[in-house]
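Chemist: need the 3D shape of this:
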Amino acid sequence: MISAEQVREHMEVIGADGAHVGTVDHMDGTSRIKLTKSDSDDGQHHLIPLDWVDHVDEHVHLSKNAEDVRSQWSSVN
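Modeler: As a prediction, the model looks like this:
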(Lines give C-alpha, C1' and ligand atoms only; values in the text may rest on other atoms or scores of the structure.)
Protein backbone atom coordinates (compact mmCIF):
# COMPACT_ATOMS: atom_id res chain seq x y z
CA MET A 1 0.00 0.00 0.00
CA ILE A 2 1.32 3.42 -0.98
CA SER A 3 1.21 6.10 1.70
CA ALA A 4 0.74 9.82 1.12
CA GLU A 5 4.11 10.48 2.79
CA GLN A 6 5.93 8.76 -0.09
CA VAL A 7 4.67 11.33 -2.60
CA ARG A 8 6.67 14.56 -2.68
CA GLU A 9 6.25 17.89 -4.44
CA HIS A 10 7.81 18.16 -7.91
CA MET A 11 7.98 14.37 -8.48
CA GLU A 12 7.24 13.30 -12.03
CA VAL A 13 4.10 11.17 -12.44
CA ILE A 14 4.41 8.42 -15.04
CA GLY A 15 1.70 6.18 -16.51
CA ALA A 16 2.00 2.40 -16.72
CA ASP A 17 2.92 2.87 -20.38
CA GLY A 18 5.94 5.00 -19.43
CA ALA A 19 4.34 8.25 -20.63
CA HIS A 20 4.60 11.49 -18.64
CA VAL A 21 1.29 12.31 -16.93
CA GLY A 22 2.26 15.36 -14.89
CA THR A 23 4.19 16.76 -11.95
CA VAL A 24 3.11 16.58 -8.31
CA ASP A 25 2.00 19.94 -6.93
CA HIS A 26 1.10 18.48 -3.52
CA MET A 27 -1.06 15.91 -1.79
CA ASP A 28 -4.70 16.94 -1.53
CA GLY A 29 -5.50 15.37 1.84
CA THR A 30 -4.27 11.81 2.21
CA SER A 31 -5.98 10.18 -0.75
CA ARG A 32 -5.46 12.40 -3.83
CA ILE A 33 -2.45 13.78 -5.69
CA LYS A 34 -2.83 17.28 -7.11
CA LEU A 35 -0.82 17.84 -10.29
CA THR A 36 0.67 21.21 -11.25
CA LYS A 37 -1.31 23.27 -13.72
CA SER A 38 1.89 24.61 -15.30
CA ASP A 39 2.59 21.07 -16.57
CA SER A 40 -0.93 20.64 -17.95
CA ASP A 41 -2.10 21.09 -21.54
CA ASP A 42 -5.30 22.81 -20.42
CA GLY A 43 -3.78 25.01 -17.68
CA GLN A 44 -5.78 23.37 -14.89
CA HIS A 45 -4.87 21.36 -11.83
CA HIS A 46 -5.83 17.68 -12.02
CA LEU A 47 -6.44 15.27 -9.16
CA ILE A 48 -5.64 11.58 -9.25
CA PRO A 49 -6.44 9.06 -6.51
CA LEU A 50 -3.57 7.62 -4.53
CA ASP A 51 -5.15 4.22 -5.32
CA TRP A 52 -3.87 4.57 -8.90
CA VAL A 53 -0.22 4.60 -7.72
CA ASP A 54 1.61 1.34 -8.36
CA HIS A 55 4.89 2.34 -6.70
CA VAL A 56 7.06 5.32 -5.82
CA ASP A 57 10.81 5.68 -6.33
CA GLU A 58 12.22 8.95 -7.67
CA HIS A 59 8.98 9.11 -9.69
CA VAL A 60 5.34 8.31 -9.00
CA HIS A 61 4.45 5.28 -11.15
CA LEU A 62 0.77 4.70 -11.89
CA SER A 63 -1.03 1.43 -12.59
CA LYS A 64 -2.99 3.03 -15.47
CA ASN A 65 -1.81 4.16 -18.90
CA ALA A 66 -1.47 7.93 -19.36
CA GLU A 67 -4.44 8.09 -21.75
CA ASP A 68 -6.70 6.33 -19.22
CA VAL A 69 -5.52 8.65 -16.45
CA ARG A 70 -6.28 11.75 -18.52
CA SER A 71 -9.77 10.50 -19.34
CA GLN A 72 -10.57 9.71 -15.69
CA TRP A 73 -8.84 12.37 -13.57
CA SER A 74 -10.71 15.22 -11.89
CA SER A 75 -10.03 18.79 -13.03
CA VAL A 76 -9.97 21.84 -10.75
CA ASN A 77 -9.00 25.47 -11.35
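Chemist: for this structure, where's the lowest mean pLDDT among helices and strands?
Modeler: strand 74-76 (a mean of 94; mean pLDDT, DSSP states H and E).
Chemist: can you point out the buried residues in that one?
Modeler: By neighbour count on 16 or more other CB atoms under 10 Å, the buried set for strand 74-76 is empty. Where you see a C-beta, it was placed from the backbone N, CA and C, and this is true even at glycine.
Chemist: list the neighbouring strands of that strand plus their orientation.
Modeler: Using DSSP bridges, the strands paired with strand 74-76 in its sheet are strand 45-49 (antiparallel).
Chemist: mind listing what's buried in the strand it pairs with?
Modeler: Applying 16+ other CB under 10 Å to strand 45-49 flags 45-48 as buried.
Chemist: please apply the same query to stretch 19-31.
Modeler: 21-25, 27-28.
Chemist: before we move on, what about stretch 62-77?
Modeler: By 16+ other CB under 10 Å, the buried positions in stretch 62-77 come out as 62, 64, 66, 68-70, 73.
Chemist: touching it from outside, list them.
Modeler: Outside stretch 62-77, the residues that touch it by CB atoms under 8 Å, 6 or more residues apart in numbering are 13-17, 19-21, 32, 34-35, 42, 44-48, 52-54.
Chemist: His20 and Asn77, how far apart?
Modeler: Look at His20 and Asn77: by CB to CB, to the nearest Å, they are 22 Å apart.
Chemist: who does the helix or strand containing Thr23 touch, helix- and strand-wise?
Modeler: Per DSSP states H and E, Thr23 falls inside strand 20-28. Contact analysis of strand 20-28 by 3 or more CB pairs under 8 Å, 6 or more residues apart in numbering; DSSP states H and E lists strand 12-14, strand 32-35, strand 45-49, helix 66-72 as its packing neighbours.
Chemist: fine, thanks again, bye for now.
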